[in-house]
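Colleague: just the structure for this:
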Amino acid sequence: MKELKQRLLYFAKTLKEHTEYIDSYSMGHLEISAAKTKESTMNEIGEYLLEILELDDKTFKNWLAQEEDE
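Modeller: Numbers count the residues shown, from 1 in each chain. Below you'll find the model as predicted:
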């Protein structure tokens with residue numbers, strides 16, 4: 001289980017720090033916009049995953065219980 005968490009932490013950090021290659025000379029405005037949106041989305045997913053992985057077990061179980069109650 002510890003190895004899985006380490007892999008997930010690595011994955012989350014990789015997502016959070018991801019940068020898309022943007023070449024303003026060869027890419028059009030739409031392509032640049034799509035690349036920036038992709039980068040932003042990956043960064044946000046990484047941040048959310050890190051937040052979840054940093055929760056202690058008790059807090060996470062309470063969070064899951066609240067989700068089930070809704």
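
Colleague: looking at the chain, which helix or strand does the model trust least?
Modeller: helix 57-69 (a mean of 85; mean pLDDT, DSSP states H and E).

Colleague: for it, list the C-alpha coordinates in CSV.
Modeller: C-alpha atoms of helix 57-69 as CSV (Å, rounded to 0.1, in the frame of the first residue of the first chain):
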residue,chain,number,x,y,z
ASP,A,57,-7.2,8.3,7.1
LYS,A,58,-9.8,9.7,9.6
THR,A,59,-10.5,12.8,7.6
PHE,A,60,-10.7,10.9,4.4
LYS,A,61,-13.2,8.4,5.8
ASN,A,62,-15.3,11.3,7.1
TRP,A,63,-15.2,12.9,3.7
LEU,A,64,-16.3,9.6,2.0
ALA,A,65,-19.1,9.2,4.5
GLN,A,66,-20.4,12.8,3.8
GLU,A,67,-20.3,12.0,0.0
GLU,A,68,-22.4,8.9,0.6
ASP,A,69,-24.9,10.8,2.7
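
Colleague: got the contact list for it?
Modeller: Helix 57-69 is contacted by residues Ile52, Leu55 when judged by Cβ atoms under 8 Å, 6 or more residues apart in numbering. Where C-beta positions appear, they are placed from N, C-alpha and C, glycine not excepted.

Colleague: helices along this protein, start to end?
Modeller: According to DSSP state H, the chain carries its helices in the segments 2-16, 29-54, 57-69.

Colleague: mind checking which of those helices is nearest Ile22?
Modeller: Among the helices of the chain, helix 29-54 comes nearest to Ile22, with 5.3 Å by Cβ to Cβ.

Colleague: could you tell me the angle between that closest one and helix 2-16?
Modeller: 150 degrees (axes from the mean of the first three to the mean of the last three Cα atoms, to 10 degrees).

Colleague: how close does the residue of the chain most remote from its centre sit to Ile32?
Modeller: In the chain, the greatest distance from the average C-alpha position (Cα atoms, centre = their mean) is reached by Tyr25, at 29.0 Å. Separation of Tyr25 from Ile32 (Cβ to Cβ, to the nearest Å) stands at 11 Å.
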